[in-house]
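A.B. asks: below are the sequence and a predicted model for it; my questions follow.
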Amino acid sequence: MEYKKLGRSNLKVSRLCLGTGNFGYNEKFVGNWAATGEKEAFKIMDAALEAGINFFDCANVYGNHGKGTSGDSERIVGKWFKQGGGRREKVFFATKVGRTMLDNDYDGANTNDAYSLWKIRRHIEGSFERLQTDHIELISMHHVDRNVQWDEIWEAFETFVKAGRLDYIGSSKFNSWEIMKAQEAARKRNFMGLICEQHRYDMTHRGAELEVFPCCIDQGIAVTLFSPLQRGVLAVDLLSPNNRPIEELSVSLVDKYRPKLLEYAKLCHDIGEKPVNVTLAWEMVHPAVTSPIIGPATLEDLQEMLHCVEIKLTEDVLAEIDRIFPPPEPLYYDEKPAVVRPMSWI
């Protein structure tokens with residue numbers, strides 16, 4: 001496994017982050033959500049740790065989506081931690097707050113996607129309970145809430161940091177100007193602020209190259225990628241179809257991108273690699289990216305994806321990927337095209 005510093009911190013995390021959002025107690029597809037049961041989840045986490053993955057990701061709302069409840073993904077991770085053997089000590093664990101907990105009337109009148117000191121405190125304490133731990137390494141805001149003052153948000157997180165129960169704070173799906181607004185408010189409080197932004201980025205979604213990635217590099221903020229395989233679409237090999245199930249939404253996305261996916265599959269065959277691993281290797285080429293968050297549903301899925309860290313894509317291959325999945329147009333006429341290479345602003 002390879003490692004990279006988490007933004008401007010001196011902490012190293014694995015280049016692959018294990019996403020645990022599939023873990024739940026309904027072991028089937030529910031709408032657009034898959035669920036991996038406790039037994040298989042334990043195997044995945046053990047194998048990830050053995051492979052050198054020290055970075056796990058979750059959220060307080062993940063798990064048991066089909067039953068209208070939240071939190072089972074954290075509960076499964078908590079039970080795995082409790083097995084001992086150094087599991088808790090070896091894992092840099094990240095979770096999130098901010099989205100609506102699905103449990104009936106969990107937050108009463110505050111059952112909405114929003115932040116307040118009260119709600120952040122309440123949700124963090126709930127994660128401690130489900131994870132059976134008194135300390136979490138990274139907690140991120142699951143989305144932007146433009147109706148709350150940053151002083152209230154930072155007051156809530158600072159309380160846990162000062163108490164030694166939380167190390168770092170992150171964001172998710174923030175625009176660059178929202179990141180800067182958060183950082184400026186933190187600086188006025190002499191507080192570290194954001195250390196990580198979780199963002200959408202893959203070959204079909206390259207907009208982050210224009211502003212968010214340059215902003216994060218400038219501010220020393222790590223970037224992790226949610227759904228790096230575009231719900232499994234960028235792992236599909238149309239030249240070697242198999243019977244592995246994919247989500248309902250992914251079927252329509254495969255049809256949408258079929259011509260590009262056929263070209264991409266041919267490129268992957270030409271270099272002797274599977275699309276799933278080429279996709280992850282390509283994402284890690286960008287200097288802003290710390291770790292794609294992989295979400296294996298089975299142990300076999302994890303074992304297949306581990307190879308991606310060993311792949312070194314050549315300039316010719318990167319150029320061909322740019323041809324198939326073009327980078328976004330520059331924001332201004334006098335700018336150079338916003339490609340992954342070279343990054344003259346680093």
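C.D. replies: Looks like it came in fine.
A.B. asks: C-alpha only now, for contacts and for neighbours.
C.D. replies: OK.
A.B. asks: list the buried residues in the host helix or strand of residue 281.
C.D. replies: Here residue 281, judged by DSSP states H and E, is contained in helix 275-285. Judged by neighbour count using 16 or more other Cα atoms under 10 Å, the buried positions of helix 275-285 are 275-284.
A.B. asks: so which of the residues you listed is the closest to residue 168?
C.D. replies: Closest to residue 168 out of the buried residues of helix 275-285 is residue 284 (22.3 Å), distances taken as Cα to Cα.
A.B. asks: which ones are touching the closest one?
C.D. replies: Counting by Cα atoms under 8 Å, 6 or more residues apart in numbering, residue 284 touches 15, 290-292.
A.B. asks: from residue 71, how far out is it?
C.D. replies: According to Cα to Cα, to the nearest Å, residue 284 stands 30 Å off from residue 71.
A.B. asks: any idea which helix or strand of the chain has the worst average confidence?
C.D. replies: helix 248-256 (a mean of 81; mean pLDDT, DSSP states H and E).
A.B. asks: and it, what does it pack against?
C.D. replies: Helix 248-256 makes packing contacts with no helix or strand when contacts are defined by 3 or more Cα pairs under 8 Å, 6 or more residues apart in numbering; DSSP states H and E.
A.B. asks: ok now that helix, how far from the chain's centre?
C.D. replies: Using Cα atoms, centre = their mean, to the nearest Å, the mean C-alpha position of helix 248-256 is found 21 Å from that of the whole chain.
A.B. asks: just after that helix, pick out the following helix or strand.
C.D. replies: Past helix 248-256, the next helix or strand by DSSP H and E is helix 258-271.
A.B. asks: nearest residue to residue 140 in space, please, no chain neighbours.
C.D. replies: residue 170 (4.0 Å; Cα to Cα, 6 or more residues apart in numbering).
A.B. asks: which strands and helices lie in contact with the helix or strand where residue 130 lies?
C.D. replies: Using DSSP H and E, the element containing residue 130 is helix 117-131. In this structure, helix 117-131 makes packing contacts with helix 72-81, strand 92-97, helix 150-162, judged by 3+ Cα pairs under 8 Å, 6+ apart.
A.B. asks: hang on, the earlier thing: the least confident helix or strand of the chain vs helix 258-271, what angle?
C.D. replies: Going by axes from the mean of the first three to the mean of the last three Cα atoms, to 10 degrees, helix 248-256 is angled at 80 degrees with respect to helix 258-271.
A.B. asks: pull up the pairing partners for the very next helix or strand once past the helix holding residue 130, direction included.
C.D. replies: Sequence-wise, the next helix or strand downstream of helix 117-131 (DSSP H and E) is strand 136-141. If you go by DSSP bridges, strand 136-141 pairs up with strand 92-97 (parallel), strand 166-172 (parallel).
A.B. asks: give me the mean pLDDT for the last one.
C.D. replies: Think strand 166-172. Average pLDDT, strand 166-172: 98.
A.B. asks: also compute the angle for it relative to helix 117-131, please.
C.D. replies: Using the same axes, to 10 degrees, strand 166-172 lies at 110 degrees relative to helix 117-131.
A.B. asks: which SS state does the nearest residue to residue 193 once chain neighbours are set aside fall under?
C.D. replies: With sequence-adjacent residues excluded and distances taken as Cα to Cα, 6+ apart, residue 193 is closest to residue 186, at 5.0 Å. Secondary structure state of residue 186, per DSSP: H, G, I helix; E, B strand; the rest coil, is helix.
A.B. asks: who are the contact partners of residue 186?
C.D. replies: 154, 192-193.
A.B. asks: filter these to the buried ones?
C.D. replies: The buried subset of those (16+ other Cα under 10 Å) comprises 154, 193.
A.B. asks: coming back round to it: give the buried residues for the helix holding residue 130.
C.D. replies: Buried residues in helix 117-131 (16+ other Cα under 10 Å): 117, 119-121, 123-124, 126-128, 130-131.
A.B. asks: in JSON lines, list the residues you listed along with pLDDT and distance to residue 56.
C.D. replies: Output for the buried residues of helix 117-131, formatted as JSON lines (pLDDT from 0 to 100; distance: Cα to Cα, whole Å):
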{"residue": "117", "pLDDT": "95", "distance to residue 56": "26"}
{"residue": "119", "pLDDT": "93", "distance to residue 56": "24"}
{"residue": "120", "pLDDT": "95", "distance to residue 56": "21"}
{"residue": "121", "pLDDT": "95", "distance to residue 56": "22"}
{"residue": "123", "pLDDT": "93", "distance to residue 56": "19"}
{"residue": "124", "pLDDT": "96", "distance to residue 56": "17"}
{"residue": "126", "pLDDT": "93", "distance to residue 56": "18"}
{"residue": "127", "pLDDT": "96", "distance to residue 56": "14"}
{"residue": "128", "pLDDT": "97", "distance to residue 56": "15"}
{"residue": "130", "pLDDT": "95", "distance to residue 56": "15"}
{"residue": "131", "pLDDT": "97", "distance to residue 56": "13"}
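A.B. asks: which one of the residues you listed is nearest residue 210?
C.D. replies: residue 120 (31.2 Å).
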